[in-house]
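Chemist: What shape does this take:
(one chain, ligands or ions: 1)
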Amino acid sequence: MSKVCFISGSSRGIGLAIAEYLAKEGHTVILNSRKPIEDEVLSRFDEMAEPVGQVIGDISDFDEAQRMMQEILDEYGRLDVLVNNAGITRDGLAMRMKEEDFDAVIETNLKGPFNLIRHAIKAMVKQRTGTIINISSVSGLMGNPGQLNYSAAKAGLIGMTKSLAREVGSRGITVNAIAPGFIESDMTDALADKYHDQIKKQIPAGRFGKPEEIAQTVQFLIENRYITGQTIQVDGGLGM
Ligand code: NAP
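Modeler: Numbering: from 1, shown residues only. Have a look, this model is predicted:
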């Protein structure tokens, strides 16, 4: 059945792959980023059954998150699926990490999902159905040198997932996290080539994942109504 789906941070990368996959499945998708979505990106949705929407704004800002959720409810009358995907990195070793880099990552990667959940959950409770999917990371499970801020936010997101799953389970709402490993994206393109080969040696599958492999998992979690509070690792076996 067609759902109204909001995917934070869907102007590129994994978020855009999720949006395209869900649109192909026949869902209504609403894109988001801090800047208006480029025409080239919007044109990818031309052939889809449902028109694509966009709400632009910064998820780390509590009031903007409220405004964005309200825009969706005003226009579509409901929100079935919230994918908390937007995320940033500001890597650095602990002894050198700037306070603003710690704060920025927590504000976007941990408080951002809270801001959207806080303003979406009432509507889902009223509907007595909903799906919340938080994109965490294998770094939140295993830790990663140079990513103290990012790992803390992504681990926190797993705790948030479990608490919320317990709060709203009886209302027909499932809440799960996906923990991707290394996925082909701008984030991993930024790694020097020499690290690519080193990392691949540690991944049992021997390769980076594709954004579509995360998107596929999102669709699975939309369909399955009896999985909640879980963190699904999509990492080629890296974090087992
Ligand atoms: P990406 O290519 O850098 O895309 C990030 C998206 O988030 C963009 O659309 C960006 O748009 C948006 N965004 C960033 N800050 C935002 C904010 N404050 N408000 C609204 N939108 C914001 O990232 P990605 O590699 O696809 O990663 C997507 C998610 O997967 C992230 O949560 C990341 O931590 C997680 N993840 C990625 C990997 C990987 O290998 N790539 C692995 C594990 C987990 P604007 O900059 O225009 O706002």
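Chemist: where's the longest strand seen in the chain relative to the chain centroid, distance-wise?
Modeler: Among the segments of the chain that qualify as a strand by DSSP state E, the longest is strand 173-180. When distances are taken as C-alpha atoms, centre = their mean, to the nearest Å, strand 173-180 is centred 9 Å away from the chain's centroid.
Chemist: List the residues that contact Leu221.
Modeler: By C-beta atoms under 8 Å, 6 or more residues apart in numbering, the contact set of Leu221 is 131, 133, 174, 176, 178, 227, 232. The way it works is simple: take the backbone N, C-alpha and C, and place the C-beta from them, glycine included.
Chemist: how about the longest helix along the chain, does it get close to the ligand?
Modeler: The longest helix of the chain (DSSP state H) is helix 148-168. No: Helix 148-168 lies apart from the ligand when judged by C-beta under 6 Å from any ligand atom; the minimum separation is 6.8 Å.
Chemist: hang on, the earlier thing: just the buried ones from the contacts of Leu221?
Modeler: Buried members of these, scored by 16 or more other C-beta atoms under 10 Å, are 131, 133, 174, 176, 178, 232.
Chemist: Tell me the residues of the protein that contact the ligand?
Modeler: 8-15, 32-35, 58-60, 85-88, 108, 112, 135, 137, 180, 182-183, 185-188.
Chemist: Let's see which of those residues end up in helices.
Modeler: 13-15, 112, 186-188.
Chemist: Need the residue closest to the centroid of this structure.
Modeler: Asn85 (1.8 Å; C-alpha atoms, centre = their mean).
Chemist: quick one, what contacts that one?
Modeler: By C-beta under 8 Å, 6+ apart, the contact list for Asn85 reads 7-10, 14-15, 18, 135.
Chemist: picking that back up, return the list of helices and strands in contact with the longest strand of the chain.
Modeler: Strand 173-180 sits against helix 112-127, strand 130-135, helix 138-142, helix 148-168, helix 211-223, strand 231-234, with contacts defined as 3 or more C-beta pairs under 8 Å, 6 or more residues apart in numbering; DSSP states H and E.
Chemist: now these as a markdown table including distance to Leu22 and mean pLDDT?
Modeler: As requested, the helices and strands packed on strand 173-180 are arranged in a markdown table below (distance: least, C-beta to C-beta, whole Å; pLDDT from 0 to 100):
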| stretch | distance to Leu22 | mean pLDDT |
| --- | --- | --- |
| helix 112-127 | 16 | 98 |
| strand 130-135 | 11 | 99 |
| helix 138-142 | 23 | 98 |
| helix 148-168 | 20 | 99 |
| helix 211-223 | 7 | 98 |
| strand 231-234 | 16 | 98 |
